[in-house]
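Visitor: fold the following.
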Amino acid sequence: MNNFYQLPTAKTAQISVNYTTGTMELRGASNPENAITFFKPTLEAVKSFNETDRRDVTANFALQYFNTSSARCIYLLLETLNELRSSGKKVTINWFYEEDDFDMLETGQDFENLMDMSFSFKEVKTSGDDLVQII
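Guide: Numbers count the residues shown, from 1 in each chain. I've put the predicted structure just below:
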C-alpha cells in the first residue's frame, strides 16, 4: 500500500498518511476553494488504515488556520478516525496549537467534545511557520 502525501500550497495544508509508521499529519493553513474535493483523497487514505496490520494509528493536527468548509472536512476526518477506533485500532489524536492561540485550542476542544475520543493537546512555544515543523 502506498503512502499518501499532499504538498502544501498557499491555500492548502500539508497532509501525509504513512501506513508504515501509522501516522496521519495535517499541518499549516487550510483554505481551499473546494474543501470536499481537496480532502476526499485524504479521507480515502485514512480509511485504508483498516486494510493494514497496524493496531496503532496516530493523527497529528498542527493547524494555523482553517476555513469553515475545511472544518467540516476535519470533522469528517475525525469521524473516520473514530470509526477506525471502533473497529479495534488504537487511535491517538494530537492537537498542536501555538502558545496563546486560544481559538485553535478551543476549536480542538470543540472537536473533542463532538467525538467519542480523547485528544492530547500540545501547546507549542513557536510562531508562524515553526508550528508546521514541530511534528
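
Visitor: just checking, residue 64 touches residue 98?
Guide: Yes. Between residue 64 and residue 98 there is a contact under Cβ atoms under 8 Å: 7.3 Å. The way it works is simple: take the backbone N, C-alpha and C, and place the C-beta from them, glycine included.

Visitor: select the longest strand from the protein.
Guide: Counting residues, the longest strand found in the chain (DSSP state E) is strand 56-66.

Visitor: quick one: list the elements packing against that one.
Guide: The elements that strand 56-66 packs onto, with contact taken as 3 or more Cβ pairs under 8 Å, 6 or more residues apart in numbering; DSSP states H and E, are strand 23-30, helix 68-86, strand 90-98, helix 102-114.

Visitor: between the third one and strand 56-66, how many degrees?
Guide: I take that to be strand 90-98. 30 degrees (axes from the mean of the first three to the mean of the last three Cα atoms, to 10 degrees).

Visitor: so what sits opposite the closest residue to residue 122 other than its chain neighbours in the bridge?
Guide: Among residues not flanking residue 122 along the chain, residue 96 sits closest, at 4.9 Å (Cβ to Cβ, 6 or more residues apart in numbering). Note on residue 96: beta-bridge partners residue 62, residue 122, judged by DSSP bridges.
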